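Chemist: sharing a model that was predicted from the sequence below.
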Amino acid sequence: LKGSTTFRMQSPFHAVVLPCCLSLFLWIGCDSAAVAFPASQCGPLPEGFLVLEKDGDQVSRQGNLELENARLNPASTTKLALALILLADGFDSDTQLTISDPYIEGTPRSASLSEALLYSSNDYFISLARQRGIPFFRDRMDALGFLPDAVKESWPGELKAIVHAGEATTTPAHQLEFMDSILNLDKSGARELLPLIEWPRSSADRDLYPDLHLYGKTGAWDRTVWFVGGARQKDRLKIVVIVSRGHWTIRKQAIEHFYCRFGQQLPNHPLVR
(Lines give C-alpha, C1' and ligand atoms only; values in the text may rest on other atoms or scores of the structure.)
Protein backbone atom coordinates (compact mmCIF):
# COMPACT_ATOMS: atom_id res chain seq x y z
CA LEU A 1 0.00 0.00 0.00
CA LYS A 2 2.80 2.36 0.91
CA GLY A 3 4.57 1.59 -2.33
CA SER A 4 1.32 2.07 -4.22
CA THR A 5 0.76 5.45 -2.57
CA THR A 6 4.27 6.55 -3.46
CA PHE A 7 3.72 5.48 -7.03
CA ARG A 8 0.52 7.53 -7.28
CA MET A 9 2.26 10.59 -5.86
CA GLN A 10 5.25 10.33 -8.21
CA SER A 11 3.45 9.35 -11.38
CA PRO A 12 2.17 12.85 -12.25
CA PHE A 13 5.71 14.18 -11.90
CA HIS A 14 7.24 11.44 -14.00
CA ALA A 15 4.43 11.40 -16.52
CA VAL A 16 4.16 15.17 -17.03
CA VAL A 17 6.94 17.27 -15.52
CA LEU A 18 10.00 15.20 -16.48
CA PRO A 19 8.93 14.72 -20.12
CA CYS A 20 8.23 18.45 -20.35
CA CYS A 21 11.63 19.30 -18.91
CA LEU A 22 13.28 16.79 -21.20
CA SER A 23 11.43 18.20 -24.20
CA LEU A 24 12.44 21.74 -23.23
CA PHE A 25 16.06 20.64 -22.82
CA LEU A 26 16.06 18.92 -26.18
CA TRP A 27 14.36 21.88 -27.87
CA ILE A 28 16.90 24.31 -26.46
CA GLY A 29 19.76 22.01 -27.38
CA CYS A 30 18.51 21.47 -30.93
CA ASP A 31 17.84 25.14 -31.45
CA SER A 32 21.27 26.07 -30.14
CA ALA A 33 22.91 23.56 -32.45
CA ALA A 34 20.87 24.84 -35.39
CA VAL A 35 22.10 28.43 -35.02
CA ALA A 36 25.74 27.62 -34.25
CA PHE A 37 28.02 28.56 -37.12
CA PRO A 38 30.08 25.76 -38.65
CA ALA A 39 33.50 25.42 -37.04
CA SER A 40 36.41 27.21 -38.66
CA GLN A 41 38.67 25.09 -40.84
CA CYS A 42 41.37 27.74 -41.31
CA GLY A 43 45.06 27.13 -41.14
CA PRO A 44 47.54 29.88 -40.25
CA LEU A 45 46.54 33.38 -41.32
CA PRO A 46 48.51 34.53 -44.39
CA GLU A 47 51.36 36.84 -43.46
CA GLY A 48 50.44 40.52 -43.32
CA PHE A 49 46.68 39.96 -43.08
CA LEU A 50 44.40 41.41 -40.43
CA VAL A 51 41.08 39.75 -39.57
CA LEU A 52 38.45 41.51 -37.47
CA GLU A 53 35.45 39.44 -36.45
CA LYS A 54 32.39 40.74 -34.63
CA ASP A 55 30.12 38.18 -32.98
CA GLY A 56 27.44 39.87 -30.91
CA ASP A 57 29.18 42.59 -28.92
CA GLN A 58 32.55 40.85 -28.98
CA VAL A 59 35.25 41.81 -31.49
CA SER A 60 38.21 39.51 -32.01
CA ARG A 61 41.41 40.56 -33.74
CA GLN A 62 43.96 38.37 -35.45
CA GLY A 63 47.08 39.01 -37.50
CA ASN A 64 48.56 42.40 -38.37
CA LEU A 65 46.96 44.49 -35.62
CA GLU A 66 48.70 47.65 -36.82
CA LEU A 67 46.20 47.80 -39.68
CA GLU A 68 43.06 48.01 -37.52
CA ASN A 69 42.99 51.81 -37.46
CA ALA A 70 45.25 52.46 -40.45
CA ARG A 71 43.93 54.87 -43.08
CA LEU A 72 43.46 52.82 -46.24
CA ASN A 73 41.70 53.27 -49.55
CA PRO A 74 38.37 51.38 -49.44
CA ALA A 75 38.88 50.18 -53.03
CA SER A 76 35.87 48.42 -54.55
CA THR A 77 34.13 47.98 -51.20
CA THR A 78 32.94 51.50 -52.13
CA LYS A 79 30.52 49.80 -54.52
CA LEU A 80 28.50 48.62 -51.50
CA ALA A 81 27.87 52.26 -50.65
CA LEU A 82 27.07 53.17 -54.26
CA ALA A 83 24.61 50.28 -54.46
CA LEU A 84 22.93 51.29 -51.20
CA ILE A 85 22.51 54.83 -52.48
CA LEU A 86 20.93 53.55 -55.68
CA LEU A 87 18.63 51.05 -53.96
CA ALA A 88 17.45 53.59 -51.39
CA ASP A 89 16.53 55.84 -54.34
CA GLY A 90 14.37 53.09 -55.88
CA PHE A 91 16.85 51.70 -58.40
CA ASP A 92 15.75 48.39 -59.94
CA SER A 93 18.49 45.85 -59.23
CA ASP A 94 17.52 43.89 -62.36
CA THR A 95 18.55 46.82 -64.55
CA GLN A 96 20.86 45.50 -67.24
CA LEU A 97 23.79 47.61 -68.39
CA THR A 98 26.48 46.74 -70.89
CA ILE A 99 29.83 46.24 -69.18
CA SER A 100 33.24 46.03 -70.82
CA ASP A 101 35.53 45.30 -67.90
CA PRO A 102 38.66 43.63 -69.28
CA TYR A 103 39.02 41.38 -66.21
CA ILE A 104 35.48 39.96 -66.46
CA GLU A 105 35.21 37.02 -68.81
CA GLY A 106 32.80 37.39 -71.71
CA THR A 107 32.56 41.16 -71.76
CA PRO A 108 31.27 43.24 -73.38
CA ARG A 109 27.93 41.87 -72.24
CA SER A 110 24.96 42.96 -70.18
CA ALA A 111 24.93 42.56 -66.39
CA SER A 112 22.62 43.24 -63.47
CA LEU A 113 23.52 45.01 -60.23
CA SER A 114 24.07 41.67 -58.50
CA GLU A 115 26.57 40.57 -61.15
CA ALA A 116 28.24 43.98 -61.05
CA LEU A 117 28.79 43.58 -57.31
CA LEU A 118 29.91 39.96 -57.39
CA TYR A 119 32.34 40.47 -60.27
CA SER A 120 33.19 43.98 -59.04
CA SER A 121 32.44 45.66 -62.37
CA ASN A 122 33.85 49.17 -62.60
CA ASP A 123 32.05 49.82 -65.87
CA TYR A 124 28.58 49.27 -64.38
CA PHE A 125 29.00 51.89 -61.66
CA ILE A 126 30.89 54.35 -63.84
CA SER A 127 27.99 54.21 -66.32
CA LEU A 128 25.51 54.98 -63.54
CA ALA A 129 27.69 57.79 -62.21
CA ARG A 130 27.72 59.28 -65.70
CA GLN A 131 23.90 58.96 -65.91
CA ARG A 132 23.05 60.22 -62.41
CA GLY A 133 25.88 62.71 -62.02
CA ILE A 134 28.55 62.86 -59.34
CA PRO A 135 26.56 65.23 -57.05
CA PHE A 136 23.81 62.57 -56.74
CA PHE A 137 26.27 60.15 -55.14
CA ARG A 138 28.37 62.76 -53.30
CA ASP A 139 25.42 64.24 -51.42
CA ARG A 140 24.18 60.83 -50.29
CA MET A 141 27.60 59.35 -49.54
CA ASP A 142 28.17 61.81 -46.73
CA ALA A 143 24.87 60.93 -45.02
CA LEU A 144 25.45 57.19 -45.48
CA GLY A 145 28.47 57.10 -43.20
CA PHE A 146 30.51 54.77 -45.38
CA LEU A 147 33.56 56.99 -44.92
CA PRO A 148 34.69 58.05 -41.43
CA ASP A 149 35.30 61.63 -42.59
CA ALA A 150 33.09 64.23 -44.24
CA VAL A 151 33.04 63.92 -48.02
CA LYS A 152 34.92 66.74 -49.73
CA GLU A 153 33.31 68.97 -52.35
CA SER A 154 35.88 67.69 -54.83
CA TRP A 155 35.05 64.02 -54.17
CA PRO A 156 35.84 61.69 -55.87
CA GLY A 157 37.95 63.67 -58.35
CA GLU A 158 37.62 62.26 -61.85
CA LEU A 159 34.44 60.33 -62.63
CA LYS A 160 36.03 56.89 -62.96
CA ALA A 161 37.55 57.20 -59.46
CA ILE A 162 34.08 56.88 -57.93
CA VAL A 163 34.42 53.07 -57.87
CA HIS A 164 37.27 53.26 -55.34
CA ALA A 165 36.27 56.51 -53.56
CA GLY A 166 39.06 58.57 -55.09
CA GLU A 167 41.57 59.76 -52.50
CA ALA A 168 39.22 59.10 -49.57
CA THR A 169 40.29 56.65 -46.88
CA THR A 170 38.69 54.47 -44.25
CA THR A 171 39.89 52.03 -41.59
CA PRO A 172 39.27 48.30 -41.06
CA ALA A 173 37.58 49.16 -37.76
CA HIS A 174 35.17 51.51 -39.55
CA GLN A 175 34.53 48.92 -42.27
CA LEU A 176 33.54 46.43 -39.57
CA GLU A 177 30.95 48.79 -38.14
CA PHE A 178 29.62 49.69 -41.58
CA MET A 179 29.18 46.01 -42.51
CA ASP A 180 27.51 45.45 -39.15
CA SER A 181 24.97 48.15 -40.00
CA ILE A 182 24.25 46.49 -43.36
CA LEU A 183 23.74 42.97 -41.99
CA ASN A 184 21.58 44.38 -39.19
CA LEU A 185 19.51 46.20 -41.84
CA ASP A 186 20.17 49.57 -40.25
CA LYS A 187 20.86 51.27 -43.60
CA SER A 188 18.20 52.25 -46.11
CA GLY A 189 18.43 49.80 -48.99
CA ALA A 190 20.22 47.12 -46.93
CA ARG A 191 17.33 44.66 -47.12
CA GLU A 192 17.45 44.84 -50.93
CA LEU A 193 21.25 44.76 -51.00
CA LEU A 194 21.88 41.57 -49.02
CA PRO A 195 20.54 39.12 -51.63
CA LEU A 196 22.71 40.88 -54.22
CA ILE A 197 25.94 40.31 -52.29
CA GLU A 198 25.34 36.71 -51.24
CA TRP A 199 28.27 34.51 -52.21
CA PRO A 200 27.82 31.04 -53.71
CA ARG A 201 28.31 27.82 -51.74
CA SER A 202 28.73 24.21 -52.80
CA SER A 203 25.65 22.00 -52.99
CA ALA A 204 27.10 19.84 -50.17
CA ASP A 205 27.44 22.87 -47.89
CA ARG A 206 23.94 24.06 -48.75
CA ASP A 207 22.58 20.64 -47.81
CA LEU A 208 24.48 20.60 -44.51
CA TYR A 209 23.73 24.20 -43.56
CA PRO A 210 20.58 25.31 -45.40
CA ASP A 211 20.07 28.33 -43.11
CA LEU A 212 23.58 29.71 -43.56
CA HIS A 213 24.08 32.71 -45.85
CA LEU A 214 27.43 34.31 -46.66
CA TYR A 215 27.65 37.94 -47.76
CA GLY A 216 30.62 39.94 -48.91
CA LYS A 217 32.45 42.29 -51.23
CA THR A 218 36.02 42.28 -52.46
CA GLY A 219 38.22 45.28 -53.06
CA ALA A 220 41.71 45.82 -54.42
CA TRP A 221 43.24 49.23 -55.09
CA ASP A 222 46.26 51.27 -54.06
CA ARG A 223 47.98 48.10 -52.81
CA THR A 224 45.15 47.42 -50.37
CA VAL A 225 43.13 44.21 -50.61
CA TRP A 226 39.80 43.71 -48.79
CA PHE A 227 37.11 41.17 -48.20
CA VAL A 228 34.34 42.68 -46.09
CA GLY A 229 31.27 40.68 -45.25
CA GLY A 230 29.66 38.37 -42.80
CA ALA A 231 27.23 35.54 -42.29
CA ARG A 232 23.70 35.08 -41.10
CA GLN A 233 22.26 31.87 -39.74
CA LYS A 234 18.70 32.33 -38.56
CA ASP A 235 18.89 35.28 -36.13
CA ARG A 236 22.62 35.05 -35.52
CA LEU A 237 25.13 37.33 -37.27
CA LYS A 238 28.89 37.37 -37.55
CA ILE A 239 30.72 40.23 -39.28
CA VAL A 240 34.19 39.73 -40.79
CA VAL A 241 36.68 42.19 -42.27
CA ILE A 242 39.84 40.81 -43.90
CA VAL A 243 42.48 43.21 -45.16
CA SER A 244 46.11 43.27 -46.20
CA ARG A 245 48.54 45.50 -47.99
CA GLY A 246 49.84 44.03 -51.22
CA HIS A 247 49.21 43.14 -54.85
CA TRP A 248 45.62 42.54 -55.98
CA THR A 249 46.38 38.85 -56.57
CA ILE A 250 46.25 38.17 -52.82
CA ARG A 251 42.51 38.77 -53.10
CA LYS A 252 42.15 35.01 -53.56
CA GLN A 253 43.75 34.43 -50.15
CA ALA A 254 41.30 36.86 -48.55
CA ILE A 255 38.32 35.06 -50.08
CA GLU A 256 39.71 31.65 -49.15
CA HIS A 257 40.14 32.75 -45.56
CA PHE A 258 36.60 34.10 -45.38
CA TYR A 259 35.15 30.77 -46.50
CA CYS A 260 37.28 28.65 -44.21
CA ARG A 261 36.27 30.75 -41.18
CA PHE A 262 32.76 29.39 -41.67
CA GLY A 263 33.89 25.86 -42.50
CA GLN A 264 32.73 26.18 -46.09
CA GLN A 265 34.28 24.82 -49.27
CA LEU A 266 35.69 27.38 -51.66
CA PRO A 267 33.26 27.75 -54.58
CA ASN A 268 34.17 27.49 -58.22
CA HIS A 269 34.17 31.16 -59.07
CA PRO A 270 36.26 33.34 -61.44
CA LEU A 271 37.42 35.60 -58.61
CA VAL A 272 39.17 32.73 -56.84
CA ARG A 273 40.88 31.07 -59.80
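Modeler: Okay, I see it.

Chemist: so where is the stretch 1-150 of the chain shaky, pLDDT-wise?
Modeler: The model of the stretch 1-150 of the chain has pLDDT under 70 over residues 1-35.

Chemist: could you do the stretch 151-273 of the chain as well?
Modeler: Those would be 270-273, if you go by pLDDT under 70 across the stretch 151-273 of the chain.

Chemist: what ranges does it have for its strands?
Modeler: 212-221, 224-233, 236-245 (DSSP state E, counting those that start in this stretch).

Chemist: now those strands in CSV, with mean neighbour count?
Modeler: Placement of C-beta: from N, CA and C, glycine included. Listed next are these as CSV, based on neighbours: other Cβ atoms under 10 Å:
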stretch, mean neighbour count
strand 212-221, 23
strand 224-233, 24
strand 236-245, 23
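
Chemist: for residue 259, which of these is the nearest?
Modeler: For these, the distance to residue 259 is smallest for strand 212-221, at 7.5 Å, taking Cβ to Cβ.

Chemist: what's in contact with that closest one?
Modeler: Residues outside strand 212-221 that contact it (Cβ atoms under 8 Å, 6 or more residues apart in numbering) are 37-38, 73-80, 117, 120, 164, 182-183, 194, 197-199, 201, 205, 225-233, 240, 248, 251, 254-255, 258-259, 262, 264, 271.

Chemist: now swap in stretch 44-62 and tell me
Modeler: 63-65, 67-68, 172-173, 176, 180, 230, 237-246, 250, 253-254, 257, 261.

Chemist: hmm, 7 Å instead?
Modeler: If you take Cβ atoms under 7 Å, 6 or more residues apart in numbering as the criterion, stretch 44-62 is touched by 63-65, 67-68, 172-173, 176, 180, 238-246, 253, 257.

Chemist: would you mind listing the buried residues in it?
Modeler: If you call a residue buried by 16 or more other Cβ atoms under 10 Å, then stretch 44-62 has these buried ones: 45, 46, 49, 50, 51, 52, 53, 54, 59.

Chemist: quick one: which of the residues you listed is nearest to residue 210?
Modeler: Among those, and counting by Cβ to Cβ, the member closest to residue 210 is residue 53, at 23.1 Å.

Chemist: quick check: which element contains that closest one?
Modeler: strand 50-55 (DSSP states H and E).

Chemist: so which residues of the stretch 101-250 of the chain form helices?
Modeler: With helices called from DSSP state H, counting those that start in this stretch, the stretch 101-250 of the chain shows them at 113-118, 122-132, 134-144, 172-183, 190-193, 203-208.

Chemist: one step back: just the buried ones from the contacts of strand 212-221?
Modeler: Of the contacts of strand 212-221, these count as buried by 16+ other Cβ under 10 Å: 37, 73-80, 117, 120, 164, 182-183, 194, 197-199, 201, 205, 225-233, 240, 251, 254-255, 258-259, 262, 264, 271.

Chemist: quick one: contacts for the most centrally placed residue in the chain?
Modeler: For the chain, the residue nearest the mean C-alpha position is residue 229 (2.0 Å; Cα atoms, centre = their mean). By Cβ under 7 Å, 6+ apart, residue 229 lies in contact with 179, 214, 215, 216, 217, 240, 258.

Chemist: is it true that the first one touches residue 230?
Modeler: I take that to be residue 179. Yes: counting by Cβ atoms under 7 Å, residue 230 is a contact partner of residue 179 at 5.8 Å.

Chemist: now the common contact residues for these two.
Modeler: Joint contacts of residue 179 and residue 230 (Cβ under 7 Å, 6+ apart) are residue 239.

Chemist: what about stretch 79-89, distance to the chain center?
Modeler: 15 Å (Cα atoms, centre = their mean, to the nearest Å).

Chemist: sounds good, over and out.
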